[in-house]
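In: with the input below, show me the fold.
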Amino acid sequence: MRVRTPAERRAIAMALPELGDDDAGVIGRFLDAIWAENGLAQPTLDSYRRDLELLARFRSGKSGGLAGADRAALFDYLAWRSQHGYSPRSNARLLSALRAFYAWLVRKGDRVDDPTALLEPPKLPRSLPKALAESQIDALLAAPDVASPLGLRDRAMLELMYAAGLRVSELVNLPSTAVNLRQGVLRVMGKGSKERLVPLGEEAQHWLERYLAQSRPQLAGKRALAPLFLSANGEAPSRQQFWQLVKRYAVLAGIDPVRISPHGLRHSFATHLLNRGADLRALQMLLGHSSLSTTQIYTLVAREQLKQLHAKHHPRG
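Out: Numbering: from 1, shown residues only. Predicted coordinates for the structure are as follows:
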C-alpha cells in the first residue's frame, strides 16, 4: 500500500474515538517527566504526544487501554498502521515514543514488563539529503524584495539559515539576545537543549545588521519583543510560515519548489562546506550533531555529486 499523505492520515485519525481523560492524564504526566529528566525539545515532545494519543484512541474501549497494552496489542496497532499507509519512518518514530513511555511506566512500578522489548524497528530506506547547487542558493537568497520590512527580514533569515546551518525550529525560535554582532557569532539552542556557538559570516552579518537597524524596529514598534525575527503581528514566524516563504522564493528564483525545503538550506550548508574541504569534526560541531555518524551522511552526498559531475563532463563518463 502507498504511503498516505499527512492530510489522509489526519482523516483516518478523525474516525477513531476521542481521547479519554485517563489516557490524556497519563500521557501528560509522562511528557512532564521525560522533559524534566532528559530536557527533550518541544518538537520531540509534541511528536510523542501525537503518537501516544493516536494509540490511546485506537485502544479506546479495549482491555488495559494505553497503559495496559501488551505486546500483542502493539502488534495489532502496528498492523493497523501498515494497512492505513503509515510510512516506516513514521513507525520508527512511534517506536521511540512507545519505548520511552513503557520504560517510564516500569520505572514507576505501574508495570512489571515492557511490551516493546521484542518489537523490531522497521527498516528505513536510506535517503540522502538534497542540497541545492551554489548558484541556486545565490538565486534563492537574492529573491526577497529587501525594500520592504518583511522582505529584508526574509533575506536576513535565509542568509542566516544558510550561513549557520540552522534547523528551522532553531531559526524561528532565536531570541534577539542570541546574536553577537561584535564577535560575529550566534548562540543557538539545539536539540536536547544543547547550546552551541556558530560563526555568522560576513554576508549573514551584513543582512542581520540591516534587518536589526531598519526592519525589526518597524515590525516591533514600541514593544520590547523577545524573538529575533518578527512577523507583521509582532510574533515569531512559525515553521510552517517559513516553509511557505521558502517555497515562494524558490519559484521567484526559478527553482522547482517540490525539490526544496527549509531543511534543504541546512543540507546545502553542510554539503558546500565539505565540497570546499571542511573538516568533518568541525562540521559536526557547527551542525550540533551529537554523533559523528549523523554528519557522515553528507560525505555520501558530496561523493554522489562528484560522481554525477564526472559522468556528465568526463569523455568516458
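
In: please make it C-alpha for all contacts and neighbour counts, starting now.
Out: Noted.

In: now find how far off-centre the host helix or strand of residue 217 is within its chain.
Out: Using DSSP states H and E, residue 217 sits in helix 216-220. Averaging C-alpha positions (CA atoms, centre = their mean, to the nearest Å) puts helix 216-220 27 Å from its chain's average.

In: which residues touch it?
Out: Residues outside helix 216-220 that contact it (CA atoms under 8 Å, 6 or more residues apart in numbering): 149, 153, 229-234.

In: give me that answer again for 6 Å
Out: 232, 234 (CA atoms under 6 Å, 6 or more residues apart in numbering).

In: what distance do you get for residue 288 to residue 278?
Out: Taking CA to CA, to the nearest Å as the measure, residue 288 falls 15 Å from residue 278.

In: sorry, slip of the keys, the one I care about is residue 56.
Out: 47 Å.

In: so which of those two has more stuff around it?
Out: Just comparing residue 56 and residue 278: by other CA atoms under 10 Å the higher neighbour count belongs to residue 56, 25 against 13.

In: how about the top helix by length along the chain: buried residues?
Out: For the chain, the helix with the greatest residue count under DSSP state H is helix 88-108. For helix 88-108, burial by neighbour count (16 or more other CA atoms under 10 Å) applies to 88, 91-95, 97-98, 101-105.

In: what's the answer for stretch 148-160, then?
Out: Quick answer for stretch 148-160 (16+ other CA under 10 Å): 149-160.

In: any idea of the mean pLDDT for it?
Out: Regarding stretch 148-160, the rounded mean pLDDT is 94.

In: hmm, who's touching it?
Out: Contacts with stretch 148-160, where a contact means CA under 6 Å, 6+ apart, come from 144-146, 204, 207-208, 211, 215.

In: let's see which of the buried residues of stretch 148-160 end up in helices.
Out: Using DSSP H, the subset of those located in helices is 149-160.

In: and residue 166, what is it in contact with?
Out: residue 266.

In: now do 10 Å
Out: Residue 166 is in contact with 160, 172, 188, 190, 198, 262-263, 265-267, 269, 286-288, counting by CA atoms under 10 Å, 6 or more residues apart in numbering.

In: mind listing what residue 234 touches?
Out: 216, 218-221, 223-227.

In: and the strands in this structure?
Out: For the chain, strands defined by DSSP state E occupy the ranges 179-180, 185-189, 195-199.

In: so of the ones you listed, which one's packed in deepest?
Out: For the strands of the chain, average neighbour numbers computed from mean count of other CA atoms under 10 Å are highest in strand 185-189, which has a mean of 19.

In: by contact count, what packs against that one?
Out: When contacts are defined as 3 or more CA pairs under 10 Å, 6 or more residues apart in numbering; DSSP states H and E, strand 185-189 sits against helix 149-164, helix 168-172, strand 179-180, strand 195-199.

In: ok, back up a step: which stretch among the strands of the chain comes nearest residue 241?
Out: strand 185-189 (20.4 Å; CA to CA).

In: quick one: low-confidence parts of this protein?
Out: Along the chain, the parts satisfying pLDDT under 70 run over 1-4, 6, 121-129, 279-280, 290-317.

In: let's see that with 80 instead.
Out: Residue ranges of the chain with pLDDT under 80: 1-10, 12-13, 15, 39-41, 88-89, 118-131, 190-194, 258-259, 261-264, 270-317.

In: make a markdown table out of the helices and strands packed on strand 185-189 and add distance to residue 77.
Out: Output for the helices and strands packed on strand 185-189, formatted as a markdown table (distance: least, CA to CA, whole Å):
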| stretch | distance to residue 77 |
| --- | --- |
| helix 149-164 | 39 |
| helix 168-172 | 31 |
| strand 179-180 | 46 |
| strand 195-199 | 38 |
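
In: what sits against the closest residue to residue 24 other than its chain neighbours?
Out: Excluding its sequence neighbours, the residue lying closest to residue 24 (CA to CA, 6 or more residues apart in numbering) is residue 53, at 7.4 Å. Taking CA under 10 Å, 6+ apart, we find residue 53 in contact with 18-20, 23-24, 27, 47, 59, 66.

In: again with residue 208
Out: Going by CA under 10 Å, 6+ apart, residue 208 touches 152-153, 155-157, 159-160, 179, 181, 200, 202, 214-216, 228-229.
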